[in-house]
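>>> Quick check, what structure comes out for this input:
(chains A, B, C and D)
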Number of protein chains: 2
Amino acid sequence: MVDVTRSESLLYLTDEQLRQGIEAMYFAYRGFTADPDRILASMAYGRAHHRAIHFIKRAPGTTVTNLLDILGVTKQSLNRVLRTLIEDGLVESRVGTTDRRERNLHLTEAGEALENRLSDSQRARMRSAFRDAGPEAVAGFRRVLESMMDGELHRQYLSLREAPK
Amino acid sequence: MVDVTRSESLLYLTDEQLRQGIEAMYFAYRGFTADPDRILASMAYGRAHHRAIHFIKRAPGTTVTNLLDILGVTKQSLNRVLRTLIEDGLVESRVGTTDRRERNLHLTEAGEALENRLSDSQRARMRSAFRDAGPEAVAGFRRVLESMMDGELHRQYLSLREAPK
DNA sequence: CTTGGAGTGTCAACAAAGCTGACGTATTGT
DNA sequence: ACAATACGTCAGCTTTGTTGACACTCCAAG
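Model prediction:
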């Protein structure tokens, strides 16, 4: 089945191993989004609203352009989502202080409440997976995921750590 | 910053670590789908076609119901995708031999060709990530992802290994 | 002080891919 | 004979993405 004569240290790079990794990624991502999706479906929201809320929570006061950059969608697409969140009183859009063209986005109390519900459920699953797998596995998980991002994605991923709050 | 007095072995379960895991998952999944998406966009296909093609390749002769089960979508949704693939001559639908109500799905030569292009690009990224991270990290990656699937997803993930070909 | 460009919002139209509900046909198994 | 299964399809709706066009506010530079 597998040619054992080749360097043993590369057996984890066989096409079969890669395919299992691909399928694991597919099924795990479905699990990853399942819990928040259930909560969102009970309201008039979808995954796009979750992402906006998540990153506004993560970087309060962020601008629309910055959010656009992180989410990688068009402003028309983001605006539709953002508008409903503002109308529903979950997000507040404040005119920028230094540059009045900008809009600084913040979660309202209601927005914070929903964010908590969503991220609690997602964290619960992540925590359980992390605990089951153990610290070394978690480190490996992180290392592989980070290598899977291309340059631009990785830059954005890291940028979230720079000025967290 | 972090309360070092609590058990050190649980530091990897802090909310901050979990959030980083969540964000890593989000950005990595975007990288994971980026390459096939580019190929698909140049044709009239989308991610849904890719998934169908992938699992037909994985389990040749699979039935529509089985594919429905794995993909977790409605038959109307799958049928729309499957119909275009059959019309375009990438997938063949053969009347079942033992049960003539069933349809056994196979890739045609053209279907195999597209599947190869798609999975080559996806495997290339996965291989590069695996190689960068090393075997132990890959094992951890797999362990965490598998723990992230809930029961039903995990069952389906494993079922692909049972009768691979 | 005008003018170009950046940041934002919005209208319109469209596409991909999910959903529900309903119905029809072929086939199997009781 | 009849109920259930497997499949296909019509119609209509939703979410979330896309282009393209246009307007407004505001900053910065000439």
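>>> what sits against the spatially closest residue to A:V91 that is not a sequence neighbour?
Nearest-residue entry for A:V91: A:L85, 4.2 Å, with adjacent residues in sequence omitted and distances by Cβ to Cβ, 6 or more residues apart in numbering or on different chains. (Each C-beta comes from the backbone N, C-alpha and C, glycine too.) A:L85 makes contacts with A:H49, A:A52, A:I53, A:V91, A:G111, as judged by Cβ atoms under 8 Å, 6 or more residues apart in numbering or on different chains.
>>> mind listing the strands for chain A?
Under the criterion DSSP state E, chain A contains strands at A:91-95, A:103-107.
>>> okay, and for chain A, where does confidence drop off?
Screening chain A residue by residue with the criterion pLDDT under 70, one finds the ranges A:1-8, A:163-165.
>>> What parts of it come near DNA strand D?
Within reach of DNA strand D by Cβ under 7 Å from any atom of the strand, chain A has these residues: A:44-49, A:51, A:72-74, A:76-78, A:80-81, A:95, A:99-101.
>>> Need the residue closest to the centroid of chain A.
Among the residues of chain A, the one closest to the centroid is A:R51, at 6.5 Å (Cα atoms, centre = their mean).
>>> Quick check, it in contact with A:L71.
Yes: with contact taken as Cβ atoms under 8 Å, A:R51 and A:L71 are classed as touching, separated by 5.9 Å.
>>> mind putting the contacts of A:L85 in TSV, neighbour count and distance to DNA strand C included?
Putting the contacts of A:L85 into TSV (neighbours: other Cβ atoms under 10 Å in any protein chain shown; distance: Cβ to the nearest atom of the strand, whole Å) gives the following:
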residue	neighbour count	distance to DNA strand C
A:H49	22	15
A:A52	25	11
A:I53	25	15
A:V91	22	10
A:G111	22	16
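>>> May I see those residues organised as JSON lines, with distance to A:R142 added?
Shown next, in JSON lines, are the contacts of A:L85 (distance: Cβ to Cβ, whole Å):
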{"residue": "A:H49", "distance to A:R142": "27"}
{"residue": "A:A52", "distance to A:R142": "25"}
{"residue": "A:I53", "distance to A:R142": "24"}
{"residue": "A:V91", "distance to A:R142": "30"}
{"residue": "A:G111", "distance to A:R142": "28"}
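>>> Among those residues, which lie within helices?
Counted as lying in helices by DSSP state H, out of those, are A:H49, A:A52, A:I53, A:G111.
>>> The nearest residue in space to the second one that is not next to it in sequence - how many residues pack around it?
If the residues on either side of it in the chain are set aside, A:A52 comes closest to A:V81, at 5.4 Å by Cβ to Cβ, 6+ apart. Applying other Cβ atoms under 10 Å in any protein chain shown, we find 21 residues neighbouring A:V81.
>>> ok, the residue nearest to A:V91 to DNA strand D distance?
For A:L85, the distance to DNA strand D under the criterion Cβ to the nearest atom of the strand, to the nearest Å works out to 10 Å.
>>> I appreciate the help and will end here.
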